[in-house]
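K.L.:
Got a predicted structure here, sequence first:
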Amino acid sequence: MQLNFRPKAAFASKKAFNYLADKHPNDISQIVVIRHAAIGDFMNIRPFLLGLKSFFPNAKITLSTINTYAYGTPDDLIDAVHIIDRTVNGKKTSAFQRLKQ
């Protein structure tokens, strides 16, 4: 079974597309969703997470978010939360610096 991605619905690198070319949805064991946006976006992401859980039934879904928005995570739809501190030594960090944590 070939996975079908709709344009502009989600992002996957070329390496990920090549890796998934011959995979079945049941073969995927872990998925990380990176969401470093405002709290209201967690309400908009709920249908996406429901679809993700139904399409990849065996996958452990981890949501990566910033510590200031951690209280709004949809805990009922994810298996783990990866919380990133938005500041280091009292200074705000860039998105790239946060991903390196």
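P.N.:
Ah, there it is.
K.L.:
Could you check the pLDDT of the residue nearest to the spatial centre of the chain?
P.N.:
Centroid-nearest residue in the chain: Val33, 0.3 Å away (criterion: C-alpha atoms, centre = their mean). On pLDDT, Val33 comes in at 86.
K.L.:
Likewise for Asp79?
P.N.:
Note on Asp79: pLDDT of 93.
K.L.:
what does Gln101 give?
P.N.:
pLDDT, Gln101: 59.
K.L.:
Verify the stated contact: the residue nearest to the centre of the chain with Ser64.
P.N.:
Yes - using C-beta atoms under 8 Å, Val33 is in contact with Ser64, at 6.9 Å. Heads up, the C-betas are built off the backbone N, CA and C, glycines and all.
K.L.:
list the buried ones in the helix or strand where Val33 lies?
P.N.:
Val33 belongs to strand 30-34 when elements are defined using DSSP states H and E. For strand 30-34, a neighbour-count test (16 or more other C-beta atoms under 10 Å) marks 31, 33 as buried.
K.L.:
quick one on the thing from earlier: give me the neighbour count for the residue lying closest to the residue nearest to the centre of the chain once chain neighbours are set aside.
P.N.:
Spatial nearest neighbour of Val33, excluding adjacent residues (C-beta to C-beta, 6 or more residues apart in numbering): Leu63 at 5.1 Å. Neighbourhood size, Leu63 [other C-beta atoms under 10 Å]: 23.
K.L.:
same for whatever helix or strand Ile83 lives in, what does it pack against?
P.N.:
Assigned by DSSP H and E, Ile83 belongs to strand 80-84. Contact here means 3 or more C-beta pairs under 8 Å, 6 or more residues apart in numbering; DSSP states H and E; on that basis strand 80-84 packs against strand 60-66.
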